[in-house]
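> here's a sequence, model it:
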Amino acid sequence: MSNYVITGANSEIGRALAQFLLAKNHEVLLVSRSAKSVADSTVKWIDGVDLTKECDLLRLREYIRKCFSTPFTLIHSVGDFWAHKSVTNTSFDEVVSQIQSHYVTLFGVVKAVVPIMQAVGGGRIIAFSCNSVRYNYPDMAAFTSSKAAVECLIKCVANEQSKYNITANAFALPSIKTNNVLETKPEAFHKNYPTLSELSETVEQTIENLSPLVNGNVISLFKYSDSFYHKGYYERNIIWEANQDERVGGLL
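Below is the predicted model:
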């Protein structure tokens with residue numbers, strides 16, 4: 001049995017991970033900004049935590065300190081959903097929100113938990129990136145550049161904290177079969193998307209088997225797709241006019 005802290009516990013991915021890890025009898029602490037979404041009083045949960053505010057981060061640090069006296073894994077599952085918008089059609093507020101929700105929250109929670117990990121003899125930090133960082137899709141600049149910052153931060157933390165037996169790695173995700181994705185992308189592509197249960201199982205198995213030498217990596221997850229691997233970007237995507245200003249792509 002291992003110890004886990006999951007931020008973004010009310011997100012679709014956060015909920016799926018929590019359910020899977022609890023079913024495997026791991027010790028899990030759930031963290032969310034919104035209210036606790038389960039009635040089970042045995043589930044450890046701290047809500048009302050805004051990871052962009054120092055006072056909330058300090059409160060979270062003290063809560064984790066009371067929960068765990070041995071190494072634990074942080075899984076950061078926080079961030080705004082992407083949107084297909086060009087740079088010129090992305091508002092400044094949207095850019096700020098993407099950067100804050102993906103990058104600033106990760107920096108904040110890492111800053112909060114690293115002193116505890118150092119004190120208890122180590123730990124693992126896991127963040128989620130996206131394969132859009134590798135492929136640089138058009139009309140996703142705000143989201144993709146925020147995820148690129150996540151990857152860079154993970155690598156910096158890995159180099160800085162390895163002497164304390166703390167590792168940091170990221171999973172670069174493809175489109176996952178969440179409700180948001182299914183509502184946004186063409187049905188023809190859905191068969192190629194990993195499910196939430198597949199993601200949860202893969203993440204748990206990978207973390208549980210990670211050597212301390214596996215550090216500072218971006219681990220890519222994907223299912224094979226003929227359309228993705230044998231066609232170029234504009235060939236494999238269905239582009240249609242969403243409005244006068246934007247084009248929306250059915251990205252894999």
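
> what about the strands in the stretch 101-250 of the chain?
Under the criterion DSSP state E, counting those that start in this stretch, strands of the stretch 101-250 of the chain are mapped to 123-130, 166-173, 218-220, 239-241, 247-249.

> tell me which of these sits most buried.
Each of those was scored by mean neighbour count; the highest is strand 123-130, a mean of 25, by mean count of other Cβ atoms under 10 Å. Using the backbone N, CA and C atoms, a C-beta is placed for each residue, glycine as well.

> just the angle for that one relative to strand 166-173, thanks.
Comparing the axes of strand 123-130 and strand 166-173 via axes from the mean of the first three to the mean of the last three Cα atoms, to 10 degrees yields an angle of 20 degrees.

> and strand 123-130, what does it pack onto?
strand 72-76, helix 105-120, helix 141-161, strand 166-173, helix 196-208 (3 or more Cβ pairs under 8 Å, 6 or more residues apart in numbering; DSSP states H and E).

> next one: the shortest one to chain centre, how far?
If I follow you right, that is strand 72-76. Chain-centre distance of strand 72-76: 11 Å, with Cα atoms, centre = their mean, to the nearest Å.

> quick one, that strand and helix 105-120 angle?
180 degrees.

> for the very next helix or strand once past strand 72-76, buried residues please.
For strand 72-76, the succeeding helix or strand toward the C-terminus, using DSSP states H and E, is helix 92-99. By neighbour count with 16 or more other Cβ atoms under 10 Å, helix 92-99 contains the buried residues Val95, Gln98, Ile99.

> restrict helix 92-99 to CA atoms and write it as PDB.
Output of helix 92-99 as PDB, limited to C-alpha atoms (Å, rounded to 0.1, in the frame of the first residue of the first chain):
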ATOM      1  CA  PHE A  92      -5.800  37.800 -22.500                       C
ATOM      2  CA  ASP A  93      -8.000  36.400 -19.600                       C
ATOM      3  CA  GLU A  94      -8.000  33.000 -21.200                       C
ATOM      4  CA  VAL A  95      -4.200  33.000 -21.500                       C
ATOM      5  CA  VAL A  96      -3.800  34.000 -17.900                       C
ATOM      6  CA  SER A  97      -6.300  31.300 -16.800                       C
ATOM      7  CA  GLN A  98      -4.500  28.500 -18.800                       C
ATOM      8  CA  ILE A  99      -1.100  29.500 -17.300                       C
END
